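Asks: Pasting the sequence and the predicted model now:
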Amino acid sequence: MLTHIDTVRTIAAHELRAAVRGRMVPGFAVLFALLALGITLAGLGASGQLLVQGFTRTAVSLLTLAVYLLPLLGLVMGASAAAGEDGGTEMLLAQPVGRVQAMLGRVAGLGAALGLVALSGFGAAGLLVAGRAGTAGLGGYLVVAAGTTAAGLAALAVGVLIGVAVQRRPAAVGWALAAWFGAAVLYDLAAIGLLQVMGSGEPGPYLVALLAANPLDGVRTLGLVHLGADVLLGPTGAALQQLLGGAAGTGAVLGSLVLWTLLPLALAARAYARRDF
């Protein structure tokens, strides 16, 4: 068992180094850091000095950015790596390494790379806020950072499943982008329409189910709840606070997030074990 773990760790370290040497991960890291710093700086005040938002206001702004950017990166990285049209996969599998071990090692390395991208944005913004505005609200900020990173990892798992299923890299990346657009844009439109037809116009059990079904919406709403949705969104936020502030609502969203991570990986591992290279 230790040998298997060591093998996965070795493959993960190699995948992480390859991702860092590439263009996508460093590019996203720089982009996220710059955007996070730009969001953190509120702008020029009347005195001509830069104003820095506190952790809570910064977390609210970064939540919207990160819950779209990190899942997009996860989907594209997973689909691109799992499609496996380069020679690296065949060379890896020529070694005495099981296919599931190889896939899990690559996923772990990509997950670590995604974590570095998240750290670049949240870390840069967090250091600036802590130095200029103090540490009040740091707990909610860390919740947002962890939640959006977890959403990115769930998207990575879905991207891996797409790559294994499609096998051709351009097509896999295309399907990954379509999946992101569906989860980030089309799902919200469909959910609004469904709530108008089936719901009463107020947040209720149907809304909880819809939020749990989509990790992006679930993490975004749960983040707002932990940042004080009743203050940020008024009566609607107070209703969301009541629905998701308890153990049942939070558990539904977190359970869905875990399911969206483990189930695609399990399906991808099963298909990867039977795949011809």
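Replies: Structure's in. What do you need? Numbering: from 1, shown residues only.

Asks: which residues are in contact with the helix or strand hosting Ala176?
Replies: According to DSSP states H and E, Ala176 maps onto helix 169-181. With contact meaning Cβ atoms under 8 Å, 6 or more residues apart in numbering, helix 169-181 is reached by 71-72, 75-76, 78-80, 82-85, 155, 158-159, 162-163, 166. To be clear about C-beta, it is placed using only N, CA and C from the backbone, and glycine gets the same treatment.

Asks: what's the next secondary structure element after it?
Replies: Next along from helix 169-181, by DSSP H and E: helix 187-198.

Asks: buried set for the helix or strand following that following helix?
Replies: Next helix or strand after helix 187-198 toward the C-terminus (DSSP H and E): helix 205-213. For helix 205-213, burial by neighbour count (16 or more other Cβ atoms under 10 Å) applies to 207-208, 210-213.

Asks: So for helix 205-213, mean pLDDT?
Replies: The average pLDDT within helix 205-213 is 78.

Asks: distance between it and the chain's centre?
Replies: Chain-centre distance of helix 205-213: 19 Å, with Cα atoms, centre = their mean, to the nearest Å.

Asks: Can you show me the CA trace of that helix as PDB?
Replies: Extracted C-alpha coordinates of helix 205-213, given in PDB (Å, rounded to 0.1, in the frame of the first residue of the first chain):
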ATOM      1  CA  PRO A 205     -36.300  23.800  -0.300                       C
ATOM      2  CA  TYR A 206     -36.300  23.900  -4.100                       C
ATOM      3  CA  LEU A 207     -33.600  26.600  -4.000                       C
ATOM      4  CA  VAL A 208     -31.500  24.500  -1.700                       C
ATOM      5  CA  ALA A 209     -31.800  21.500  -4.000                       C
ATOM      6  CA  LEU A 210     -30.800  23.600  -7.000                       C
ATOM      7  CA  LEU A 211     -27.800  25.100  -5.200                       C
ATOM      8  CA  ALA A 212     -26.700  21.600  -4.100                       C
ATOM      9  CA  ALA A 213     -26.900  20.400  -7.700                       C
END
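
Asks: name the helices or strands packed onto it?
Replies: Applying 3 or more Cβ pairs under 8 Å, 6 or more residues apart in numbering; DSSP states H and E, we find helix 205-213 packed against helix 187-198, helix 215-227, helix 234-244, helix 247-274.
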